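Undergrad: Sequence and predicted structure, then a few things I'm wondering about:
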Amino acid sequence: MADYVGAVDQGTTSTRFMIFDHGGNEVAKHQLEHEQILPQAGWVEHNPVEIWERTSSVIQTALNTAGLSSSDLAAVGITNQRETAIVWDRHTGRPYYNAIVWQDTRTDRIARALENDGRGEVIRSKAGLPPAAYFSGGKIQWILENVDGVREAAERGDAIFGNTDTWVIWNLTGGQSHVTDVTNASRTMLMNLETLDWDEELLSFFNIPRQMLPQIRPSSDPSGYGEVTLRSIAGVPLTGDLGDQQAATVGQVCFKPGEAKNTYGTGNFMVMNTGTELVRSESGLLTTMCYKFGDEPAVYALEGSIAVTGSAVQWLRDQLGIISGASEIEVLARQVPDNGGMYFVPAFSGLFAPYWRADARGAIVGLSRFNTNAHLARATLEAICYQSKDVADAMAKDSGIDVDVLKVDGGVTANDLCMQLQADILGVPVSRPVVAETTALGAAYAAGLAVGFWRTKEDLVQNWNESKRWDPQWSDQERTEGYAGWSKAVKRTLDWVDID
C-alpha cells in the first residue's frame with residue numbers, strides 16, 4: 001500500500017493540501033489564500049472558480065514539494081468551511097452566483113420569518129438547528145429568489161447546490177459526482193437528523209427543489225465519492241469528507257461520548273461527541289452530526305459556535321492599532337496581572353451560542369481612568385475564554401457530562417497566556433496536541449480508515465500525543481467572581497439593535 005494520505009482543507013480564507021504519514025505526522029503542505037468579496041455591509045462572498053483553481057494548485061505544489069506522485073497516496077479526504085453555499089450549472093460547471101459565505105447575514109429576514117411563524121421549532125426538532133443566517137438553507141433560497149434564471153434552472157434540474165466540499169468533489173471528479181457527507185448536510189437546515197436524508201417538509205420551508213441537492217454519504221466511505229480525474233491525483237481513492245469542525249473533532253480523536261475539542265480560529269467552535277443517541281439541546285447549542293464511518297451507526301454531537309474570538313484580536317490590530325501583529329497581544333496583556341475590572345464582549349455581529357441574539361453588539365464595560373491598552377488586551381483574551389465557558393457550561397447542562405480535559409487546536413493555542421486563562425476560567429486542564437493541523441488530519445483519518453491505511457479508530461488514538469498542558473491556577477472564588485462580571489457584561493450588549 002502507498003505510504004501516505006492526502007487531505008484538502010478548503011477554509012474560509014484559504015485552501016491547503018496536506019500529506020500525512022501513518023503516524024499522523026505532516027509530510028508536506030501548501031496553502032493559498034483566496035479573495036474575500038464584500039459587496040455591501042453584512043455580505044461576504046467567495047469566487048467558487050478561484051477556490052477550485054487554488055485547490056488544484058495546492059495539490060500539485062504539495063506533491064512536488066515532497067517529491068511525491070499520486071501513486072504514493074493511499075487515499076484523499078476533504079474538509080471544508082461549512083454552510084458556505086454555491087449553486088452552479090451541472091452541465092457547464094459555471095456558478096450562477098458567488099459562494100455565499102457562512103459569515104454572511106443577508107438572509108436574516110428569512111431566518112426571522114421562519115422563527116416568527118413557528119416553523120423554527122420544526123427546524124430545531126428535525127435538523128437540530130435554530131433558524132439563522134449562518135446555515136445554508138436560507139442562502140440557497142436567496143439565490144433562487146434573487147439571481148435571474150436560477151429558479152427555472154433548478155426546476156429543470158440544471159442548477160445544483162453544494163457546500164464547498166460538494167463543489168470540490170464535483171470538480172475533482174470531472175463533474176461526475178454530486179455528493180456530500182452527513183456532517184455537511186447537517187448544516188443546511190434541510191437534513192433530518194434521524195433519517196440522515198433530506199426532509200421534504202424542511203425543503204418546503206425554503207421552497208428548494210430536491211433535485212438541486214447532493215446525495216448524502218458517510219464521512220468515511222469505502223466505496224468512495226467517484227473517480228478522481230484531476231491529473232495530479234488521478235486514480236487516488238476519494239474516501240473522506242467532513243465539515244471542518246467535525247474533521248477537527250476526528251483529528252483530536254474525540255471518539256468517546258463526552259470527549260470534546262475547542263478550535264480557536266476566526267471564531268471558536270466547541271464540539272462534544274454525544275455518541276449514537278441524539279441529545280436535544282435545551283441550552284442554546286446545536287445538535288449536529290459528529291461523523292459516520294462506513295456502515296457503522298452515525299455519531300452525533302453538541303456544538304457551540306462562537307462568532308468572534310481570534311477576529312477580536314485582529315480588530316485590536318487592524319481597527320484600533322494597539323498591536324501590530326497578533327502575537328503581540330500576549331506581551332501586552334502580560335503587562336497587567338488582571339483585567340482591571342474591564343470586560344470586552346466582542347458581539348460584533350450579535351451573539352452565537354448559547355445566546356443566539358442577533359440584537360447584541362460589542363461592548364467594553366467597567367472602564368475607569370486606571371485602565372490601559374494592556375487591560376484591553378487581557379480582556380480580549382479573557383473574552384475568548386469566557387465565551388468558551390458559556391458553551392462548555394451549556395454542554396454540561398444538556399449532556400449531563402462535565403468535560404474533564406479540553407483538547408484545543410487552532411492559531412490562538414500558540415498564546416500561552418490565553419490557554420492558561422482558558423484553564424483558569426473553565427477550572428479544568430487544557431491540552432494541545434503535537435500535530436496542530438487537526439482539521440486536515442481528521443479528513444485524512446476518515447479517508448485512510450476507509451481504505452485500511454489505518455485499521456481501527458484505536459490506531460488513530462495511539463497517534464495522538466500531547467504537546468502542552470495548562471492546569472488551572474485560579475481559586476474557586478476568583479473563577480466565580482470573574483464569571484459573574486462577564487455575565488453582567490454580556491447583559492449590557494443585548495437589545496442594542498432593533499430587529500424588525
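TA: Good, I have the coordinates. In this text the structure is predicted, and so the values were computed from the model without any measurement.
Undergrad: Would you agree residue 212 is in contact with residue 153?
TA: No. Counting by C-beta atoms under 8 Å, residue 212 sits too far from residue 153 to count as a contact (9.3 Å). Glycine gets a C-beta too; all of them are placed from N, C-alpha and C.
Undergrad: Please enumerate the shared neighbours of those two.
TA: residue 159 (C-beta atoms under 8 Å, 6 or more residues apart in numbering).
Undergrad: how about the nearest residue to the residue most central in space within the chain, chain neighbours excluded?
TA: Centroid-nearest residue in the chain: residue 245, 4.1 Å away (criterion: C-alpha atoms, centre = their mean). Leaving out its chain neighbours, the residue that sits closest to residue 245 by C-beta to C-beta, 6 or more residues apart in numbering is residue 269, at 4.3 Å.
Undergrad: and the one you found, what does it touch?
TA: Counting by C-beta under 8 Å, 6+ apart, residue 269 has contacts 245, 248, 262-263, 303-306.
Undergrad: Report the helix or strand with the lowest average pLDDT across this structure.
TA: Ranked by mean pLDDT, DSSP states H and E, the weakest helix or strand in the chain is helix 310-315, scoring a mean of 88.
Undergrad: Show me what the helix or strand following it is packed up against.
TA: For helix 310-315, the following helix or strand on the C-terminal side (DSSP states H and E) is helix 328-333. Secondary-structure packing of helix 328-333 (3 or more C-beta pairs under 8 Å, 6 or more residues apart in numbering; DSSP states H and E): helix 373-399, helix 416-426.
Undergrad: For residue 171, which residues are in contact?
TA: Taking C-beta under 8 Å, 6+ apart, we find residue 171 in contact with 52, 55-56, 93, 230.
Undergrad: neighbour-wise, which of the contacts of residue 269 leads?
TA: Within these, residue 262 tops the neighbour count with 31 neighbours, counted by other C-beta atoms under 10 Å.
Undergrad: So what pairs up with the closest residue to that residue other than its chain neighbours in the strands?
TA: The shortest distance from residue 262 to any residue other than its chain neighbours is 4.5 Å, reached at residue 270 (C-beta to C-beta, 6+ apart). Residue 270 forms beta bridges with residue 262, residue 304, as assigned by DSSP bridges.
Undergrad: which ones are touching residue 270?
TA: 260-263, 303-304, 306, 388, 391-392, 395.
Undergrad: what's the neighbour count on the nearest residue to residue 90 once chain neighbours are set aside?
TA: Nearest residue to residue 90 in three dimensions, chain neighbours excluded: residue 160, at 4.8 Å (C-beta to C-beta, 6+ apart). Other residues lying near residue 160 total 23 when counted by other C-beta under 10 Å.
Undergrad: ok, residue 160 - contacts?
TA: Applying C-beta under 8 Å, 6+ apart, the residues near residue 160 are 87-90, 178, 211-214.
Undergrad: list the buried ones in the helix or strand containing it?
TA: Secondary structure from DSSP H and E places residue 160 in strand 159-163. Within strand 159-163, the residues scored as buried using 16 or more other C-beta atoms under 10 Å are 159-163.
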